[in-house]
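J.: this is a predicted model, with the sequence first.
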Amino acid sequence: MSLTHLKLSLALLALLAAAAGVAAPPPITLEVDARDVTRAIQHAHLVIPVHPGPLTLAYPKWIPGEHAPDGPITQLVSLEISAGGTSLPWRRDPLDAFLFRVEVPRGAATLDVRFDYLSPPKAFADGYGRTPNMTPHLLILPLNHLVLYPYDAAADTVPIRAEVHLPAGWKFDGALHPERVEGDTLFLPVVSLSTLVDSPILAGEYFRTVPLSAGAGSTRISIAADAPGDLAVSEATLAGLRRLVPEAVALFGPGHYREYVWLVALGNDLNQNGLEHHESTDIRDNEALDGRRSPVGVRGHDALPRGSGAQDPEPACHSRAGACVHRRRGFTPRRRPAGAGVAQSRRYRERTARVRRRARGVDADPPGARLLRRDAAGVARRGHAHP
């Protein structure tokens with residue numbers, strides 16, 4: 001081996017050794033106490049790895065599935081920041097209420113951050129965080145309500161480990177499966193902040209889970225209600241939900257999720273609303289599923305592949321700039337063309353009929369017939385045939 005090759009080999013080994021020695025950043029730890037259902041208060045305790053010097057902490061402003069920078073900052077109260085048992089003064093950014101500035105003292109490796117989130121007793125405006133997410137018998141827990149994180153970090157790169165204390169005996173569900181459950185405490189795996197925020201938890205005293213499809217890309221619906229009688233779902237409603245999945249697969253191909261769960265909270269003081277996430281949907285309503293309006297029946301698009309008209313998910317973050325906004329790879333939004341009107345309604349009915357036949361294993365619409373109809377339609381639009 002020549003001297004030049006030897007130097008190159010040694011340099012490469014040094015680079016590999018340096019890369020192996022770079023440890024992953026330690027995760028933020030989040031402890032959520034959601035047991036104070038009588039007063040509808042959730043308590044958050046974070047331990048955030050830091051370095052000495054000035055630090056800005058951000059409360060998530062842009063939330064997956066929402067259409068505006070409306071993180072529920074108004075519901076955050078009783079903020080306390082400390083290091084090594086010593087309370088630290090903090091101040092709000094004068095231009096942005098979602099930012100909190102603090103000076104990390106010399107020698108401190110972590111900050112202890114505590115605050116409370118108040119679930120409103122009644123809705124005071126549109127949007128999540130301005131409506132109740134907790135009753136004495138159930139809660140829907142969007143974890144963006146309960147985190148602060150370093151402002152200069154991209155949400156996709158911030159590791160975080162969460163544990164959630166639920167009221168005694170309550171059942172739960174969500175897209176993010178706990179590593180373990182001890183008593184009424186859920187220990188979630190280390191994930192990115194984006195994934196955590198994109199994985200709300202539903203829990204309740206009266207709770208029911210109904211599988212809809214099995215195997216790869218399995219789906220289910222979980223319901224928490226203020227009264228046990230509100231958990232009832234008719235067989236006709238369940239049959240419709242079970243048809244939804246094969247029809248969607250027949251139309252669009254395999255789903256974009258490992259599994260999908262509709263999380264349905266039914267409470268007298270909840271607002272009718274629904275928010276899409278990557279592998280779940282947060283649905284809230286104030287009546288039973290078999291009442292005059294079925295909230296699940298109008299949320300079928302939540303489980304469809306992005307690009308079918310549903311909103312593309314975004315990571316939770318303070319700003320929409322740079323790495324804080326992304327689209328699922330390979331999917332782009334599709335918008336309905338203006339003036340589609342009757343023609344699109346007719347096409348919708350025809351397509352729906354084909355999907356239902358295909359879901360039953362009956363393909364009464366072979367490719368050749370489709371091509372012939374497409375050519376005939378083109379001739380009709382142009383008023384003449386190809387030369």
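T.: Cool, got the structure.

J.: can you list the weak-confidence ranges in the protein?
T.: 1-23, 126-127, 255, 287-387 (pLDDT under 70).

J.: now the helices for it?
T.: Using DSSP state H, the helices found in the chain span residues 3-21, 193-197, 235-252, 341-359, 367-382.

J.: how is the chain carved up into domains?
T.: 28-324, 341-379 (automatic domain parsing).

J.: quick one, which of those is packed in tightest?
T.: domain 28-324 (a mean of 18; mean count of other CB atoms under 10 Å). (C-beta placed from N, C-alpha, C; glycine too.)

J.: against V164, how distant is L141?
T.: 7 Å (CB to CB, to the nearest Å).

J.: do G204 as well
T.: For G204, the distance to V164 equals 14 Å [CB to CB].

J.: got a list of what I41 touches?
T.: D116, Y117, L118, S119 (CB atoms under 8 Å, 6 or more residues apart in numbering).

J.: so which of the residues you listed are in strands?
T.: Those of those mapping onto strands are D116, Y117, L118, per DSSP state E.

J.: now, which of those sits nearest Y149?
T.: Of all those, Y117 has the smallest distance to Y149: 15.3 Å, by CB to CB.

J.: quick check, the closest one in contact with S78.
T.: No: counting by CB atoms under 8 Å, Y117 does not reach S78; the two are 9.7 Å apart.

J.: thinking again about what came up before, need the overlap of contacts for L141 and V164.
T.: V32, A34, I201.

J.: TSV for these, including distance to L46?
T.: What follows is the shared contacts of L141 and V164, written out as TSV (distance: CB to CB, whole Å):
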residue	distance to L46
V32	10
A34	15
I201	17
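
J.: nearest to L95 among the residues you listed?
T.: V32 (29.5 Å).

J.: OK, contacts around the closest one?
T.: By CB under 8 Å, 6+ apart, the neighbours of V32 are Q42, H43, A44, L141, L143, L146, A162, E163, V164, H165.

J.: now it: closest residue in space that isn't a chain neighbour?
T.: In this structure, V32 finds its nearest non-sequential neighbour in V164, 4.6 Å apart by CB to CB, 6 or more residues apart in numbering.

J.: contacts only, for that neighbour.
T.: V164 neighbours (CB under 8 Å, 6+ apart): V32, A34, L141, T185, L186, L188, I201.

J.: so how far is D184 from the first one?
T.: Translated: V32. 12 Å.

J.: can you check the third one too?
T.: Distance, L141 to D184, using CB to CB: 14 Å.

J.: what ranges does the stretch 51-200 of the chain have for its strands?
T.: In the stretch 51-200 of the chain, the strands defined using DSSP state E, counting those that start in this stretch lie at 53-58, 76-83, 86-87, 90-92, 99-104, 110-118, 134-135, 138-141, 149-150, 159-165, 171-174, 180-182, 185-187, 191-192.

J.: dump these to TSV, plus distance to Y260.
T.: As requested, the strands of the stretch 51-200 of the chain are exported to TSV (distance: least, CB to CB, whole Å):
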stretch	distance to Y260
strand 53-58	30
strand 76-83	30
strand 86-87	44
strand 90-92	39
strand 99-104	35
strand 110-118	27
strand 134-135	24
strand 138-141	17
strand 149-150	27
strand 159-165	21
strand 171-174	12
strand 180-182	22
strand 185-187	20
strand 191-192	18
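
J.: so which of these comes closest to S213?
T.: strand 171-174 (15.7 Å).
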